[in-house]
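[1] Please find the sequence and the predicted model below.
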Amino acid sequence: MRVLALLLLLMFWLGGKTIANPPDSLAGKRLAVYLSSKHFSMTETFNMEVAQFLTVDEDRSWMGRMKEEFMIRMGWLFTEQLQALSGADTVIFLNADLPRGRAFIDTYDASTGRLRRSAPEALQDLDHILVLSPFSLGSRIHRSVYIRSNRMISERIPVEVIDMTLTWLSPMAPSQARETRVCYDRLKTPRPPSPFDLHAEHSGMGKVLSQAFSQWWDQEQGQQESTCEE
């Protein structure tokens, strides 16, 4: 135990990112999830897929703000399923909780991804805050070649690529943080069983998001290595 404590202290002084309680000890805790709109981006290439994702079980096509709607819908689904997977007592979606959300924004420094100071009273009943920032839904071109009617045909297919970082913050310990970066490619990334299900069976984009967040969960649990290139 003394050796472990010394190692954690050394990581802190060397600039490492740590948190008081690792993700495998979230049972019974009170958590909050926040998605930063300032560092949330998506390519127009997949607008149709995103629109279809938004209309699964609910027609939201009249809203007209695709990026914001996409972020909120994704955040709600992720928050709901995180509670079941983590065994947490409570998981709050800060973007949809105005009083708590404002309190967090007043304390959170989006440029550094850290808290400026200890959390205000509105957040002091939380054990951890999980921040998704940045989130980028981009694309790369995959060249596919196939034969049709004795002719070789080449197609350039856009492939979904997600680059996101999720950071655990401690409301009462601003200096503590633990972040995990996820780099997901729909064709290249291994596909283990997905504990997250964001409408995976009814939406192509939902399937992509389910796999990306499941990759994050596996990395948190030490079951999968990061696929990000340095």
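    Sure thing, it's come through.
[2] what's the pLDDT at Pro192?
    Pro192 carries a pLDDT value of 76.
[3] Could you say which helix or strand holds the residue nearest to it when sequence neighbours are not counted?
    Leaving aside its chain neighbours, Pro192 sits nearest to Asp218 (6.1 Å; criterion: Cβ to Cβ, 6 or more residues apart in numbering). From N, CA and C alone the C-beta is placed, and that goes for glycine too. Element membership for Asp218 (DSSP states H and E) is helix 204-220.
[4] Could you give the average pLDDT over that helix?
    95.
[5] re the thing from before, residues near the residue nearest to Pro192, how many?
    Residues near Asp218, counting by other Cβ atoms under 10 Å, number 18.
[6] any idea how far Ser41 is from it?
    24 Å (Cβ to Cβ, to the nearest Å).
[7] Was I right to think Ser133 contacts Val33?
    No: using Cβ atoms under 8 Å, Ser133 makes no contact with Val33, being 11.3 Å away.
[8] As CSV, could you dump the C-alpha coordinates of the helix holding Asp218?
    Extracted in CSV, the C-alpha atoms of helix 204-220 (Å, rounded to 0.1, in the frame of the first residue of the first chain):
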residue,chain,number,x,y,z
GLY,A,204,-26.3,3.2,-38.4
MET,A,205,-25.0,6.2,-36.4
GLY,A,206,-26.4,4.7,-33.3
LYS,A,207,-24.3,1.6,-33.9
VAL,A,208,-21.2,3.7,-34.5
LEU,A,209,-21.8,5.7,-31.2
SER,A,210,-22.5,2.4,-29.3
GLN,A,211,-19.2,1.0,-30.5
ALA,A,212,-17.2,4.2,-29.7
PHE,A,213,-18.5,4.5,-26.2
SER,A,214,-18.1,0.8,-25.6
GLN,A,215,-14.5,1.2,-26.6
TRP,A,216,-14.1,3.9,-24.0
TRP,A,217,-15.6,1.6,-21.4
ASP,A,218,-13.3,-1.2,-22.3
GLN,A,219,-10.3,1.1,-22.1
GLU,A,220,-11.5,2.3,-18.7
